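> Would you be able to build a 3D model of this:
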Amino acid sequence: MVHMRKWFFILVTIMFVATEAAFAQDIHFSQFYSTPMQTSPANTGNFAGEWRAILNNKNQWNSFTNAYRTFAGSVDYSHESLFAKGDMSGLGIFLNRDVAGDGKFGTTQIMLSAAYYFPFMSEKLLVGAGFTAGYARHNIRIENLNFGSQYVTDGYDPSRESGEQWSKNAFGYFDCAVGTNAILRLNPEWSAEVGFSVAHPNMPRKTFLGSDDSRLPVKWITHATADIHVKNSLWIAPMFYTMVQQKYLEFDIGVLGRMEVNPISLQAVFFGIFARTSDAGILCAGVQYHNVRLLVNYDINLSKLTRISRGNGGIELSLVYIYSKPKPIETPYYRKCPEFM
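Reported below is the predicted structural model:
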């Protein structure tokens, strides 16, 4: 029975991503806070430092099928006081790569991003906007797919015609996104951010079958977070994230804690718990060593797939490196006393 469920799920998944009527879901990570430019173009350059490099990797549902393997990488640059005192701007580039199912359904995205923030309230409030544009490409190995018409009384016969009409096995398109963000920093122990972004406003054509009716739906994202000093070395960051794309709705809420340990070597230890509505519970842990932060999270599946997955979801890793130019050492001013004194 388990074996039949496995093959049934693989078949349904393949047909879901391959057919023209399917509503494809964008690449996304449980650690949305570790994929800032994918969340919103306005997050480009929004960090304390000059350069930021991020690597993300996710393996999902590998416990019972060859499902999703996702990789992302990004680099962005932050600059202060470009046009006005206290403003902030950023430029960046990111790459996404995802391979799903036995048909090796592949998604590759390479995007350029820019953002600018203007200060208000004596630089305590920054309000900004960003824009992302680039190229996306999809491909699939049609020869690896199995179709219902190829199953006969004696079982599966790969030599039988599938009856499916494919016009191509790869295609690409221009894609873009826009976003806004507001950052409030009242004091060193409390800050908050809230933002909104829209992806695929151009609704590019996305199909292997050559139809003009299959378009990539617009994606709407709302996100918010805060960084709060609780006491001593403990900080907490409550977070909120929603994504709406046609009939798909995702709602994430949780908190990421940070315990500052040693400012010389191991700077902080992270721990967090999140929930994704009707889908998964997410546990997160990590460390920060100098300018490098490593986070690991595990998704515990709580959806209807639990009967097959037995609660096993996916493991996800993120590695964040932020470079800050060392500040020059200033020799303290002193005046030499005359020798006769």
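> and after the lowest-mean-pLDDT helix or strand in the chain, which helix or strand comes next?
Least confident helix or strand, the chain: helix 2-18 with a mean of 41, by mean pLDDT, DSSP states H and E. Using DSSP states H and E, the helix or strand that directly follows helix 2-18 along the chain is helix 36-39.
> What is the longest strand of this protein by residue count?
As assigned by DSSP state E, the longest strand anywhere in the chain is strand 170-187.
> Tell me the strands beside it, with direction?
With DSSP bridges as the test, strand 170-187 is paired with strand 125-139 (antiparallel), strand 190-199 (antiparallel).
> export those strands to a markdown table and tack on distance to Phe32?
Where you see a C-beta, it was placed from the backbone N, CA and C, and this is true even at glycine. Listed next are these as a markdown table, based on distance: least, CB to CB, whole Å:
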| stretch | distance to Phe32 |
| --- | --- |
| strand 125-139 | 16 |
| strand 190-199 | 11 |
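> Reformat those strands as a markdown table; add mean pLDDT, mean neighbour count and distance to Tyr241.
Below are these laid out as a markdown table (pLDDT from 0 to 100; neighbours: other CB atoms under 10 Å; distance: least, CB to CB, whole Å):
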| stretch | mean pLDDT | mean neighbour count | distance to Tyr241 |
| --- | --- | --- | --- |
| strand 125-139 | 96 | 19 | 17 |
| strand 190-199 | 97 | 18 | 10 |
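> closest one to Arg52 among these?
strand 125-139 (14.5 Å; CB to CB).
> For the helix or strand just after the closest one, which strands pair with it and how are they oriented?
Using DSSP H and E, the helix or strand that follows strand 125-139 towards the C-terminus is strand 151-152. When pairing is defined by DSSP bridges, strand 151-152 lines up against strand 155-156 (antiparallel).
> Relative to Leu209, how far out is Ile315?
Applying CB to CB, to the nearest Å, the value for Ile315 to Leu209 is 34 Å.
> Give me the contacts around stretch 249-263.
Contact partners of stretch 249-263, identified using CB atoms under 8 Å, 6 or more residues apart in numbering, comprise 28, 30, 32-33, 233-244, 267-277, 279, 282, 284.
> Restricting the selection to alpha carbons, write stretch 182-194 to CSV.
This file holds the C-alpha atoms of stretch 182-194, laid out as CSV (Å, rounded to 0.1, in the frame of the first residue of the first chain):
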residue,chain,number,x,y,z
ALA,A,182,9.6,50.9,6.4
ILE,A,183,12.3,50.6,9.1
LEU,A,184,11.7,52.2,12.6
ARG,A,185,14.7,52.4,15.0
LEU,A,186,13.6,54.2,18.1
ASN,A,187,16.6,53.2,20.2
PRO,A,188,19.5,50.6,20.2
GLU,A,189,17.3,48.1,22.0
TRP,A,190,14.2,48.1,19.8
SER,A,191,13.6,48.2,16.0
ALA,A,192,10.9,47.1,13.7
GLU,A,193,10.3,46.6,10.0
VAL,A,194,7.2,46.1,7.8
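> quick thing: my sequence starts at 39, can you match it?
Understood, numbering begins at 39; the last thing we discussed is stretch 220-232.
> For it, what is the distance to the chain centroid?
Centroid separation for stretch 220-232 versus its chain: 22 Å, with CA atoms, centre = their mean, to the nearest Å.
> Touching that stretch from outside, list them.
Residues outside stretch 220-232 that contact it (CB under 8 Å, 6+ apart) are 84, 155, 162-166, 219, 233, 261-267.
> hmm, try it at 6 Å
Applying CB atoms under 6 Å, 6 or more residues apart in numbering, the contact partners of stretch 220-232 are Lys162, Leu163, Leu164, Val165, Ala262, Thr263, Ala264, Asp265, Ile266, His267.
> How about stretch 110-124?
So stretch 110-124 is in contact with 75, 82-83, 85, 89-94, 126-134, 157, 161, going by CB under 6 Å, 6+ apart.
> buried residues in it?
For stretch 110-124, a neighbour-count test (16 or more other CB atoms under 10 Å) marks Ala110, Ser112, Asp114, Tyr115, Ser116 as buried.
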